[in-house]
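> what follows is a protein structure lacking sequence information:
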């Protein structure tokens, strides 16, 4: 009895802040190095969500500066709509406070834990309050707060609050100081680069300990902000059904039609009949057994999938390719977006891309980029369903060697957009193994594998044709020389013959009697657009045709011509000069830049 009383005295409730104070690893703050990345990730996610909700093109600044021994100041500033002053302490100083938890739609943040957890981590390591500046419009002054979290009550503690002048018309700035290291600097830059890839409408400027990096936007259109939808009957559980039924004063029929997505009168009547209930019964008067029968009926009746176009915001194939090409040079890139589908009543869309060659490392396994709701997943790759799916695909049938993931200069990107991404933990580092999601990931990777196989086949075939043509062209000049010798005639220029065999653009430069002549012949079967950059110091004032423009910005190219040649068409330039200096001729083939050999 005495022992029981002693144990009872030790028992007390625990606040959520107190729990995460002792279990910060659950939120991604398991080490000082990872703490920086997690803090920036949470702040950038909030900034992007806020800008998109306000239909503003995001312009985000990320700063990291060492202020003391092992103490770094993390600054994230955005141009979003700002936060009203009375809500600032709650947003940054109270865990599980947010606007998106109760909404069924795609968003980066969901639980209202991330940024307040960063504030908690900072006060644990340094005890320094977090600084927040926010302004909601041109007519309002900015509000500056210094905040801490009372862990025993999970409530914000306002150290100071004042109105200040701020040069931003609207936006939010947060400064957090905690002990850490910059050992993960490369991974931090990689995170920002990956964030820029899947958010092509955002501009991100990073100042990492004095080193500036800018990730420019490639789209000037803000993606449509997902709209909240009602819960789907197939995704509801008994406890949630009992809770929302108790708060509803309508009939069972009104409750089903007004509280769930894609349920009309006909569907509601079918559910009610299957559950053996009267449509006129008040739903808040139903017994637990009746609610269980209603839930079984809701699960059994066929209901259309939730409206994915309304609640999801996929990136799109074109923007995925543009985002990847901006940050990573590739020889081949294709993207695919699967049709929307459902797991457990939650809508989701799988998008993926595959790249080959370029600046992707030629050795080792493929680079795998994983994303969920436009957020990069940097950790726990081996525990992620996306990795498992990429390893399940038989890449050997698509022309690649394989050891789990494919080998060689391959890049694979997979994005899961969902109203409820099934993460394996609160740190949101890996996607759980959901059969419906795994099936869609495998299918989209198989589609892209077929595209890559076609590209590799055409590339190898073209290389084989070029090798054969090159072998023939190597002996043509010798044959021409022998024929010229036998018939005792001048040597014939074999360039046109070689160009037709090689199906190339052939350019020649020669100087005769103080005149420089550059001839360009298109021996391909396609229209070719060319740009000629001439580094020669010759004035070329009498050039025919005249240069399109003279570039004297950096002194590298001083004369530039542009032309478009139809198949078989020729083009030439003539000007007075010695012909000294190099000439660079570039063209566009199938939308990609190619360098054309210049035979001098």
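Sure, I can see it. Note that the coordinates shown come from a computational prediction; the quantities given were computed from them, not determined experimentally. Residues are numbered from 1 along each chain as shown.
> list the contacts of residue 72.
36, 64, 65, 66, 177, 178, 179, 180, 182 (Cβ atoms under 8 Å, 6 or more residues apart in numbering). Any C-beta I mention is one placed from the backbone N, CA and C, and that applies to glycine too.
> of all the residues you listed, the one with the weakest confidence?
Note: of these, the lowest pLDDT belongs to residue 182, at 76.
> what is the neighbour count of that one?
14 (other Cβ atoms under 10 Å).
> any idea how far it is from residue 189?
Going from residue 182 to residue 189 by Cβ to Cβ, to the nearest Å gives 11 Å.
> shared neighbours, those two?
residue 208.
> you'd agree residue 197 is up against residue 327?
Yes: counting by Cβ atoms under 8 Å, residue 197 touches residue 327, with 5.6 Å between them.
> the two: which has the busier surroundings?
Between residue 197 and residue 327, residue 197 has the larger neighbour count (other Cβ under 10 Å), namely 27 against 19.
> sticking with that one, tell me its helix or strand.
For residue 197, the host element (DSSP states H and E) is helix 185-198.
> off-centre distance for that helix?
Helix 185-198 has its average C-alpha position 10 Å from the chain's average C-alpha position, going by Cα atoms, centre = their mean, to the nearest Å.
> secondary structure of residue 181: a strand, I assume?
No: applying DSSP: H, G, I helix; E, B strand; the rest coil, one finds residue 181 to be coil, outside a strand.
> at which residues are the helices of the stretch 151-300 of the chain located?
Along the stretch 151-300 of the chain, counting by DSSP state H, counting those that start in this stretch, helices occupy 185-198, 238-246, 252-259, 265-275, 288-300.
> buried set for the second one?
Buried residues in helix 238-246, defined by neighbour count with 16 or more other Cβ atoms under 10 Å: 241, 244, 245.
> again, but for the last one
Within helix 288-300, the residues that count as buried by 16+ other Cβ under 10 Å are 290, 291, 293, 294, 295, 297, 298.
> tell me the one of the residues you listed nearest residue 153?
Ranked by distance to residue 153 (Cβ to Cβ), these are led by residue 291 at 35.3 Å.
> which other helices and strands does the longest helix along the chain contact?
As assigned by DSSP state H, the longest helix anywhere in the chain is helix 435-487. With contacts taken as 3 or more Cβ pairs under 8 Å, 6 or more residues apart in numbering; DSSP states H and E, helix 435-487 sits against strand 332-337, strand 341-343, strand 346-356, helix 385-392, strand 410-418, helix 495-502.
> tell me how many other residues crowd residue 96.
13.
> one more: residue 175?
Residue 175 has 19 neighbours, counted by other Cβ under 10 Å.
> helix/strand/coil for the closest residue to it other than its chain neighbours?
Spatially, and ignoring its direct neighbours in sequence, residue 175 is nearest to residue 131 (4.1 Å; Cβ to Cβ, 6 or more residues apart in numbering). With three-state DSSP as the basis, residue 131 sits in strand.
> does residue 131 have beta-bridge partners, and which?
Residue 131 has these beta-bridge partners by DSSP bridges: residue 146, residue 175.
> any idea how far it is from residue 68?
16 Å.
> those two: which is more packed in?
residue 131 (19 against 11).
> isn't the more buried one up against residue 172?
No: counting by Cβ under 8 Å, residue 131 does not reach residue 172; the two are 11.3 Å apart.
> spit out the contact partners of the residue most central in space within the chain.
Centroid-nearest residue in the chain: residue 198, 1.5 Å away (criterion: Cα atoms, centre = their mean). Counting by Cβ under 8 Å, 6+ apart, residue 198 makes contact with 315, 320, 323, 371, 374, 375, 376, 415.
> hang on, the fifth one packs against residue 199?
Read it as residue 374. Yes: Residue 374 lies in contact with residue 199 (Cβ under 8 Å); the separation is 5.6 Å.
> give the residues shared as contacts by these two.
Contacts common to residue 374 and residue 199, judged by Cβ under 8 Å, 6+ apart, are residue 48.
> those two: which is more packed in?
Ranked by neighbour count (other Cβ under 10 Å), residue 374 and residue 199 place residue 199 first, with 27 against 24.
> distance of the more buried one relative to residue 495?
With Cβ to Cβ as the criterion, residue 199 and residue 495 are 49 Å apart.
> now do residue 277
Per Cβ to Cβ, residue 277 is found 88 Å from residue 495.
> now swap in residue 444 and tell me
According to Cβ to Cβ, residue 444 stands 47 Å off from residue 495.
> now, which of the buried residues of helix 238-246 sits nearest residue 471?
For the buried residues of helix 238-246, the nearest to residue 471 is residue 241 (75.0 Å; Cβ to Cβ).
> correct me, but the closest one touches residue 293?
No: if you go by Cβ under 8 Å, residue 241 and residue 293 don't touch, sitting 11.3 Å apart.
> between the contacts of residue 72, which is closest to residue 406?
Using Cβ to Cβ, residue 36 comes nearest to residue 406 of the contacts of residue 72, at 31.9 Å.
> brilliant, that's me finished.
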